[in-house]
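Novice: Predicted model and sequence follow; I will ask about them next.
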Amino acid sequence: MKQMLGQIFRSGRFRLGFGIFAAIVLTVLIYPLVINDPPLEIVSRGTFLAPGIYVSVYDSVTASTRYTLIIDEAAARRIGSRLTADDRAAMQEWLVGTEIVEEGELNLDDTAALLELWHSSFDPAVRIPGMTNADRNYYIRLTASLDGLLATEGAIVAAPNATTGELEEQGVIEQTDYVNLSEVPNFRVLPLGTDNFGRDVLTELVSATGVSLIIGLVAGIVATTIGLILGLVSGYVGGVVDDIIVFITNLFTVIPSFVLLILISFSIGQEQRGAFTVAVVIGLTSWVWTARAVRAQVISLRNRDHVSLSKLSGHSIAYILAMDILPYIASYVVMALILQISSGILAEAGLSILGLGPRTTEVPTLGLMMNWALIYQAHIFGKWWAYFPVILVIALISFSLNLMNTGLDRVFNPTLRE
Amino acid sequence: MKSTRLVLLVVALVAMLAVTFAPSVAQDTTLPRNETLYFNGQQWGAVVGWNPYSNSNNNALAIAQQDNARVIMFETPYLYNMLDGQVYPLLADGPYSWNDARTELTFRIKPAAHWSDGTPVTAEDVAYTWATHVTYNTPTGAGNIDYIENIVAVDEATVTIYAKLDDAGAAVNPLLVQAYVSTNYVVQKAWTQILEERAGGDAVALLADTAEDVVWSGPYHGYFWDESKVIYVRDDSYWGQDASMWGRLPVPRYLAHNIFQDNAAGTTALQAGEVDVSQQFNSNVQDLWLTQGLPISTYLPEAPYGIGASLPTAFFNLTGSSYGLDNLAVRRAIAIAVDYPTIIANAMTNQSATFDQVPRSLMNPTAGEQALYDHAAVADLQWSGNDIEGANAILDEAGIVDTDGDGWRELDGQKLSYVATCPNGWSDWQAAIEVVAAAGADIGIEITTNYPEWAVYQTVVTRSDTPLPEGYDIFMMWSDGAGPTQPWSRIRKLMSSEFIGMSSNWNGNWGGYANPEADAIIQAIPTVTDEAQLVEMYTELVRIYLTDIPSFTLMYRPQSFHTVNESVWTNFPFDGDGTNPPVPPLDLTDGWSIAGLYNLELVNP
């Protein structure tokens, strides 16, 4: 056994695949110990918050210590973030269109003059030929965002007086004031932002990966068990039993298993479709190839001398199958199991994207995350964090399992053995 | 063998010919972009027919007899405007008038109005349309026969509608009688007779007729339609260019609707400028202009982007099969604990007014309806949600506490556990129901979610003659949008007990709420004309509704989503566009919003 493991781990492909897979499994196990937020908790009011660190504005304003930093470009950066070159060009377009200034008369780099002219002349009611309502809305938004852009004094923080209701000054925030992030009590790191429900994508993704792995494992075990038993019996017993099993197997081979999966999932109905049920259904529809391959191997084994000897010794069929045949095909079965796990995870994702996956509220799965990202058009609106990490995880899991499989193949398959 | 070969040869030849000629057919339908207004979100699948009597034409852009009737091809006497709640004459000449007893409604037909075959639209056409609806028991006939006795042509141009009278000699429901004139098309008598002859008096055949020879009075008619698109072309002899109506023709020569596979395809086309007017839910629609910088806009520049008209609502099962929901404290606690701001921000991506902006009542957010109840009188009954403390206090006070320490409250020793549900695949509703369920955990009431397929869901929910089965404790359904009978009709469908016992109830009150006091007010309102009295009655209904909480509104939803891309066309309706009467954001086809078609301009003429 030890020697065999040594052999397996000598394969570079297996090591790489095993490394990736182990890293994924370890993340799934360790992440919840460090960050124990419930995976389905709604943290944002608003959908698809971009990845980043979210700092409480209130807590920053009321932070006990404020520091003064002298940063030369601060003002320029502040202005640049609210008034881009495109904005300046658009302002010029409007001013020229309304014949307030001549083309080329305006110095766009003179922010103060530009703003003064803009504030004194912009009127949202003025209609320029070719100007759309979208343009008009843009100018109104721009005008609002330019308010106080060049101010050098600080912003006043005020709160209503509890008894009179009048605003009372609480303090002034200077433009040079900074807070140390470690002193702000409330901030939330959202490395992968939030999804359409306002859930933390990373936390959800880790949890979903765990569930999907379990679904894959359950589906793989179910499929492999069925395939193995049918293959063993069919191959060894032969005769009518073999005919019947081959008939059933052929029947399942010609029906595309994914179509079968869709039909079964649909007929089960949402209410019954927990993650476990879906896993079992996937397993029930994907045992065919395992059964065929095992049967073929058993047929080649059943007339070997040691099997005949065992038969002569009066051992039962179950004993012979378990002790004399299974060990010879064990390596194949393990490899088939690995592939079944991988295809089980993919099948769940495929089903969920069609809206036939596990019901939504209980647990997240990789497929469900993809499904909801699609429904809320994340792919059209460029919210990559809602679906791309999911695709990446699915790809990594299936890549690592396939690598492990080919690694094993190199060790166990005599024709490939180095 | 030889004959088989011959057949094969012929088939191959036909196929080749088809391939050769197909492009020329397609070329015919390539429209000049500067004369075509493209839509999306209305037509799914190929057009079936053009029969204004039937409601199974699958001809969404041309045929929809509803509160805001779609009038590009067939026309109603009046047009409803959801923004000011008024009706404006279309085929009719001037406002309609009631007799003093409010039993007879009279209006005249515009002298200029004529059919596409050049013959004038007459009072007889209106009368005969109604007679046909009744004779063949069409959906329109069946829906109005309880309220309308008869429609009669008094002379060439004058129409009188006689209301059905109750025992006391008053109209059963004058509100529904006057709604008829802005909801239902006028169809030509001469063509109807041709249709009747073809159908041989058989109602099924009459409704199934595809009516490609139909005569219309509106500005557009069918030009080309197949599985991929439908195109309507302007009728340049349209009567509405007469000074007595619009004074000109609508601007686009063609109205076209490509048939998209799904919303995502529609959004992509909108982004690309291949769609001008989009009637579909685009999540985070503001990203289209804020982050993508596209020339796309909505009726309002900021959230909620549109005008809310209907009130998607969660109903409590009061039919007796949900343990504990007959207890007001339980209903109230759940209703006030739900985090509505999150539903609106996440499920609707802010495309709904919040309950802080428009406090909950039975009214939609339009100014007309909001003016119909006394806000101050019910202010202390309205809740804006997320009130976990308040909900827990209500339950504690009612003695509904967790006695066995399992974290869930019990009522008389039995754990409170509910299933919240809506149809599977109705994504914004599902997202909303998830938030409702989350509130349960905060107040110690177990709420799980479940999403049956629509086919199952609708059969269960609309069966009002038996208690609802397990799994339908809190369930979502719609309510009426904006229309000439609103808010009365919406309130009736939310609260009236008249629907209990129906084996197929497509009206409302699916939760089985019964309150005789509310029933009496609902029955009385249609005959009341005094504004002050109406306000008083509506306020009382709001008070009852917010006190008894038979259901609770989760969001406001626009009548139609209305997002426009101004790459080609501009001057679409927007809030404050200066139109008078204001053109509502209903995709330029429904009710008074068709006025918007006459205001369009090219961005680059």
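Specialist: Good, I have the coordinates. Numbering: from 1, shown residues only, chains lettered A, B, ... in the order given.
Novice: tell me the contacts of residue B:213?
Specialist: By CB atoms under 8 Å, 6 or more residues apart in numbering or on different chains, the contact set of residue B:213 is B:191, B:194. Every C-beta, even on glycine, is put in place using the N, C-alpha and C of the backbone.
Novice: Backbone dihedrals for it, please?
Specialist: phi -100, psi 10 (degrees, to the nearest 10).
Novice: What of the one 5 residues further on?
Specialist: Here the main-chain torsion angles of residue B:218 (degrees, to the nearest 10) amount to phi -80, psi 180.
Novice: In this structure it contacts residue B:76, no?
Specialist: No. In this structure residue B:218 lies outside contact range of residue B:76 using CB atoms under 8 Å: 9.9 Å.
Novice: Which residue is the nearest non-sequential neighbour of the one residue in the stretch 101-250 of chain A that gets nearest to chain B?
Specialist: Proximity to chain B, evaluated over the stretch 101-250 of chain A using CB to the nearest CB, is greatest for residue A:132 at 3.6 Å. Counting by CB to CB, 6 or more residues apart in numbering or on different chains, residue A:132 lies nearest to residue B:566, which is 3.6 Å off, once chain neighbours are set aside.
Novice: wouldn't the one you found be in contact with residue B:603 here?
Specialist: Yes. Taking contacts as CB under 8 Å, residue B:566 lies within contact range of residue B:603: 6.1 Å.
Novice: what secondary structure does residue A:394 sit in?
Specialist: In three-state terms, and counting by DSSP: H, G, I helix; E, B strand; the rest coil, residue A:394 is helix.
Novice: quick one: contacts for it?
Specialist: Counted by CB under 8 Å, 6+ apart, residue A:394 has contacts A:212, A:345-346, A:349, A:366.
Novice: repeat for residue B:320
Specialist: Counting by CB under 8 Å, 6+ apart, residue B:320 has contacts B:326, B:467, B:512.
Novice: how much space between it and residue A:178?
Specialist: 63 Å (CB to CB, to the nearest Å).
Novice: Could you do residue A:362 as well?
Specialist: For residue A:362, the distance to residue A:178 - CB to CB - is 45 Å.
Novice: How about residue 70: what's its closest non-neighbour residue?
Specialist: The chain I'm using is chain A. residue A:176 (6.4 Å).
Novice: Let me rephrase: I mean chain B.
Specialist: residue B:64 is the one closest to residue B:70 (CB to CB, 6+ apart), at 4.0 Å.
Novice: Report the residue ranges of every domain in the chain.
Specialist: Here I'm looking at chain A. A:2-44+A:196-412, A:53-70+A:157-190, A:84-145 (automatic domain parsing).
Novice: That was the other one, I meant chain B.
Specialist: Split by automatic domain parsing, chain B gives B:33-45+B:219-306+B:559-602, B:308-558.
Novice: need those in TSV with mean pLDDT, can you?
Specialist: Converted to TSV, these look like this (pLDDT from 0 to 100):
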stretch	mean pLDDT
domain B:33-45+B:219-306+B:559-602	93
domain B:308-558	92
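Novice: so can I have a markdown table of those showing distance to residue A:223?
Specialist: Putting those into a markdown table (distance: least, CB to CB, whole Å) gives the following:
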| stretch | distance to residue A:223 |
| --- | --- |
| domain B:33-45+B:219-306+B:559-602 | 32 |
| domain B:308-558 | 27 |
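Novice: nearest to residue A:5, of these?
Specialist: domain B:308-558 (45.3 Å; CB to CB).
Novice: How is residue B:187 assigned, secondary-structure-wise?
Specialist: Going by three-state DSSP: residue B:187 is coil.
Novice: Which residues are in contact with the closest residue to chain A within chain B?
Specialist: Of all residues in chain B, residue B:566 sits closest to chain A, at 3.6 Å by CB to the nearest CB. Residue B:566 sits next to A:132-134, B:295-297, B:572, B:603 when contact means CB under 8 Å, 6+ apart.
Novice: Could you tell me which of those residues belong to strands?
Specialist: Using DSSP state E, the members of those that fall in strands are B:296-297.
Novice: Which of the contacts of residue B:566 has the largest number of neighbours?
Specialist: residue B:572 (29 neighbours; other CB atoms under 10 Å in any protein chain shown).
Novice: Not counting its neighbours along the chain, what's nearest that residue?
Specialist: Nearest to residue B:572 is residue B:564, by CB to CB, 6+ apart, at 4.5 Å.
Novice: how close does residue B:141 sit to residue B:134?
Specialist: Residue B:141 is 5 Å from residue B:134, by CB to CB.
Novice: Same check on residue B:83?
Specialist: Taking CB to CB, one finds residue B:83 at 33 Å from residue B:134.
Novice: So which of the two has more stuff around it?
Specialist: residue B:83 (23 against 17).
Novice: thinking again about what came up before, looking at the contacts of residue B:566, which one is closest to residue B:591?
Specialist: Among these, and counting by CB to CB, the member closest to residue B:591 is residue B:572, at 15.9 Å.
Novice: For that closest one, list the residues it contacts.
Specialist: Contacts of residue B:572 (CB under 8 Å, 6+ apart): A:133, B:277, B:297, B:564, B:566, B:588, B:596, B:600.
Novice: from those residues, which is closest to residue A:325?
Specialist: Closest to residue A:325, out of all of the contacts of residue B:572 and judged by CB to CB, is residue B:277, at 69.4 Å.
Novice: For the closest one, what are phi and psi?
Specialist: Torsion angles, degrees, to the nearest 10, at residue B:277: phi -120, psi 120.
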